[in-house]
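Chemist: compute the structure for the input listed below.
(one chain, ligands or ions: 1)
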Amino acid sequence: MIDSSSTINDSGGDTSHTPNINMNSVIRPRILLTGLRRSGKTSIQRVIFTKMQPSQTQFLESTPHLTMNQFSCGSFISFQVQELPGQLQVFTSGHNSGIEGNGGQASSYDDDPMQSIISGGYDMERLLKRCNAVVYIIDAQDDYSESILRLNTIIQLGKRLNPRIRYEVFIHKVDQLSDEAKIETQRDIHNQVRDRSADHVGGMDLWSSTSITPNSNPQDILINFHLTSIYDHSIFEAFSKVIQKLIPQFGHLERLLNLLLSTSNIEQAFLFDVQTKISIATDSSPTDMQMYELCCDMIDLLINMSEIYGKPNKNNARTIQDDDDDDEEYINERGNLNDDDDDDENEHHHEWNIESQNETYNENNVPLNEIRSNSYVNSPLSTTPVINHRSAMIETTSEPASAVFDSMSSSVIKLTGGRALYLKEINRHLALICILREEALTRQALIDYNVRQLKKSIIKLFRLNNQLSRPPMPPSNIVQ
Ligand SMILES: Nc1nc2c(ncn2[C@@H]2O[C@H](COP(=O)(O)OP(=O)(O)OP(=O)(O)O)[C@@H](O)[C@H]2O)c(=O)[nH]1
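Modeler: Now for the predicted structure:
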């Protein structure tokens, strides 16, 4: 996805807009991603959003400047990730409300067009005022006392400027730690952050109301700790939790999934963004990490099998303009419901029933005619990070949404141990994955029906949201 219309100023905020891109009207939560240098900030983004192999991240170079990526999943979720470089001195002594310098590294940027930003300092106050969540990365393999000090400084500043910020602390690179060491490290970091926070308020322990389970009192600090690594699914799960808390519709989605569970004899349900494998919603039961991993593997399996054995659907030949259009068609055209009935049959036979068409593809497997007519880059549906005009500050990649994930995509996998996984496409970017007992599949027609109703409800929910977030159109009879 990417919105190529905005530029960011030294504080990372939007400063200009082009009028014709829908995404500008969509609420876009901001995540400030920070931590000491080499803690793993860039690696996390690359692994989640650009499918970089974890082992490749060791060749990443240090990020010298503030970067901003904008992401969206379907027409549903859109958010910005601002990565604050680790090597910068965020707070200089005697001035704790802004970033004054760059920790003595200005000289290395003397010829850099970004110099004014670096030497002029990032406006930390503005960054914190405008962000919804701070994701703070602590390298668990390193001595983390300095990192905790810095986190605490940010928390104190944020508490004053924007008490509603959520702090999501990723205790990162735990792949090298034993299970006991992980728990011990988490406890130690939690205690240190709490103790330092208590020091700052004159010994008063705000943490009695702080949280791992955040309290609703706006004066409280909303802080959560996650054990993460790019070498397993923990980073996807942790980032999913961050995103879920920022999605205004999450409560509605959770209720819809709960309803599906209770009516269809399903144990757990996830709504996944297929491209990133971020789960944007789950039912309210506790997440089973093993099942979460199986769901991620199921997405990979389905996409890989479809790419090998499937062919792009004829329906995909039309240009990708907006999922809203797709959604409307889905709701309005009985034909699509019939397609779903075909899907059900497809599930039984595990076929990748995608019709062929004559198209030219680029190296990313994107039909060229689609690129010409409406680039994925500007599609509000794509998950692809898009570059901004201020290219020195904006990271970009161009991974298109999968050309083979469409309304025909569905699968049922029976696991050993009597359980099964059930996957169904919701829209071009979202998949519903359910975990259920194999016996529940004897009533698969009921499940299919309920899933179709769920799909319609989700599409309507987000259509409504999009309508509400768009500025009202001026009456057509007014001459401007
Ligand atoms: N073992 C392990 N190494 C990791 C993990 N995540 C990142 N790394 C490694 O940590 C190193 C630093 O990663 P980066 O992503 O460049 O760190 P950064 O925070 O962006 O660094 P700066 O740009 O300098 O602030 C790389 O060698 C990564 O391969 C992880 O989960 N486990």
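Chemist: with residue 288 as the reference, measure out to residue 270.
Modeler: According to Cβ to Cβ, to the nearest Å, residue 270 stands 10 Å off from residue 288. Yep, even glycine has a C-beta here, placed from its N, CA and C like the rest.
Chemist: residue 280 too?
Modeler: When Cβ to Cβ is the yardstick, residue 280 and residue 288 sit 18 Å from each other.
Chemist: same question, residue 433
Modeler: 12 Å.
Chemist: before we move on, back to that, higher neighbour count, residue 270 and residue 288?
Modeler: Legend: neighbour count by other Cβ atoms under 10 Å for residue 270 and residue 288, higher for residue 270 (23 against 13).
Chemist: show me what contacts residue 176?
Modeler: Residues in contact with residue 176 (Cβ atoms under 8 Å, 6 or more residues apart in numbering) are residue 141.
Chemist: now do the buried residues in the host helix or strand of residue 147.
Modeler: Remark: residue 147 resides in helix 145-161, with elements defined by DSSP states H and E. Residues of helix 145-161 classed as buried by neighbour count (16 or more other Cβ atoms under 10 Å): 147-148, 150-159, 161.
Chemist: same question, stretch 162-180
Modeler: Going by neighbour count (16+ other Cβ under 10 Å), the buried part of stretch 162-180 is 162, 165-175, 177.
Chemist: residue 83: which of the residues you listed is nearest?
Modeler: Among these, residue 170 lies closest to residue 83 (Cβ to Cβ), at 13.1 Å.
Chemist: residue ranges with poor pLDDT in the stretch 201-350 of the chain?
Modeler: Residues of the stretch 201-350 of the chain that meet the criterion pLDDT under 70 lie in 201-219, 311-350.
Chemist: can you show me the strands along it?
Modeler: Using DSSP state E, counting those that start in this stretch, the strands of the stretch 201-350 of the chain run over 222-228, 268-273, 278-282.
Chemist: any idea of the angle the second one forms with strand 278-282?
Modeler: Angular relation of strand 268-273 and strand 278-282 on a 0 to 180 degree scale: 140 degrees, by axes from the mean of the first three to the mean of the last three Cα atoms, to 10 degrees.
Chemist: so what strands line up beside strand 268-273?
Modeler: Here strand 268-273 has these sheet partners by DSSP bridges: strand 278-282 (antiparallel), strand 430-437 (antiparallel).
Chemist: hang on, the earlier thing: could you say what helices and strands the helix holding residue 147 packs with?
Modeler: With contacts taken as 3 or more Cβ pairs under 8 Å, 6 or more residues apart in numbering; DSSP states H and E, helix 145-161 sits against strand 30-35, helix 124-130, strand 133-139, strand 166-172, helix 179-200.
Chemist: need the residues that contact that helix.
Modeler: Applying Cβ under 8 Å, 6+ apart, the contact partners of helix 145-161 are 34-36, 39, 90-91, 96-97, 124-125, 128-129, 134, 136, 138-139, 165, 167, 169, 189, 192-193, 196-197, 200, 221, 223.
Chemist: now do it against strand 30-35, angle only.
Modeler: Going by the same axes, to 10 degrees, helix 145-161 makes 150 degrees with strand 30-35.
Chemist: now look at helix 145-161 and say if it contacts the ligand.
Modeler: No. Remark: helix 145-161 sits outside contact range of the ligand, by Cβ under 6 Å from any ligand atom, the gap being at least 10.8 Å.
Chemist: for the chain, which residues are neighbours of the ligand?
Modeler: Counting by Cβ under 6 Å from any ligand atom, the chain comes close to the ligand at 35, 37-43, 57-58, 60, 62-63, 85-87, 172-173, 175-176, 229-231.
Chemist: what subset of those residues is buried?
Modeler: Buried by 16+ other Cβ under 10 Å: 35, 38-43, 57, 63, 85-86, 172-173, 175, 229-230, out of those.
Chemist: the host helix or strand of residue 70 to strand 268-273, inter-axis angle?
Modeler: Using DSSP H and E, residue 70 maps to strand 67-73. On the basis of the same axes, to 10 degrees, strand 67-73 is oriented at 120 degrees to strand 268-273.
Chemist: in CSV, list the C-alpha atoms belonging to the helix or strand just after strand 67-73.
Modeler: Reading on from strand 67-73 to the C-terminus, the next helix or strand found by DSSP H and E is strand 77-83. Extracted in CSV, the C-alpha atoms of strand 77-83 (Å, rounded to 0.1, in the frame of the first residue of the first chain):
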residue,chain,number,x,y,z
ILE,A,77,-6.5,-0.7,8.2
SER,A,78,-4.1,1.9,7.6
PHE,A,79,-1.2,2.9,9.8
GLN,A,80,2.1,4.7,9.8
VAL,A,81,5.3,3.4,11.3
GLN,A,82,7.9,6.1,12.0
GLU,A,83,11.3,4.6,12.8
